[in-house]
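Trainee: mind folding the following:
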Amino acid sequence: MAADIPFDFLNFIGLFLFIAGFVVGLGAVTVIEFHGLLGRKSSYWTEATIRAHKITKPLIWAGVFLAIIGGVIFYRRSNFIGIPLVQAVIAIILIANGYFLSFRVSPFLLEQEKEGKATETLPTELQKKITISFIISDLGWWGALILLVVYLLRR
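Mentor: Numbering: from 1, shown residues only. As a prediction, this is how the structure comes out:
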């Protein structure tokens, strides 16, 4: 019976924060990536992307840190092998990727806006780098989420 299963409050908090990190971070990633995809050839969507990234950037970072804190709490009794280790590596990759987007791409976008060039599409070379970054982001977020589901179902 369910009443016989002990409730571990710390596991509940850890898993809740872990999943909340995915909801917030992956949700924001999805929004900005669709904006960016539409903005590749459209001045309207380029400007919309520049404006939207001011909201999505802090949400993505919040998601990363919620997921990390939740993961540390949730996996606190697990050996640091297998899925927890792979997710930790993914987190490091997402942080490095986020650094590039936040401290290389974002200042460029904000400068474009400041100079009144927010409707100009981005240079092709920068678009290529952003596309690669988005692929890394998608693979990282979705991969880590799939791994969490696998981990939960194997317990």
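
Trainee: relative to residue 12, how far out is the residue nearest to the spatial centre of the chain?
Mentor: In the chain, the C-alpha nearest the mean C-alpha coordinate belongs to residue 25, at 4.3 Å (CA atoms, centre = their mean). Counting by CB to CB, to the nearest Å, the separation of residue 25 from residue 12 is 20 Å. From N, CA and C alone the C-beta is placed, and that goes for glycine too.

Trainee: the residue nearest to the centre of the chain sits in which helix or strand?
Mentor: Element membership for residue 25, per DSSP states H and E: helix 9-39.

Trainee: which parts of that helix are buried?
Mentor: 14-15, 17-22, 24-26, 28-29, 31-33, 35-36, 39 (16 or more other CB atoms under 10 Å).

Trainee: okay, now the unreliable bits of the protein?
Mentor: 1-5 (pLDDT under 70).

Trainee: buried ones in the helix or strand just after the helix holding residue 25?
Mentor: Note on helix 9-39: by DSSP H and E, the next helix or strand toward the C-terminus is helix 43-74. Residues of helix 43-74 classed as buried: 45-50, 52-53, 56-57, 59-61, 63-71, 73-74 (neighbour count, 16+ other CB under 10 Å).

Trainee: related to what we said a few turns ago, mind listing what the residue nearest to the centre of the chain touches?
Mentor: Listed by CB atoms under 8 Å, 6 or more residues apart in numbering, the contact partners of residue 25 are 59, 60, 62, 63, 64, 66, 67, 141.

Trainee: nearest to residue 151 among those?
Mentor: residue 67 (13.4 Å; CB to CB).
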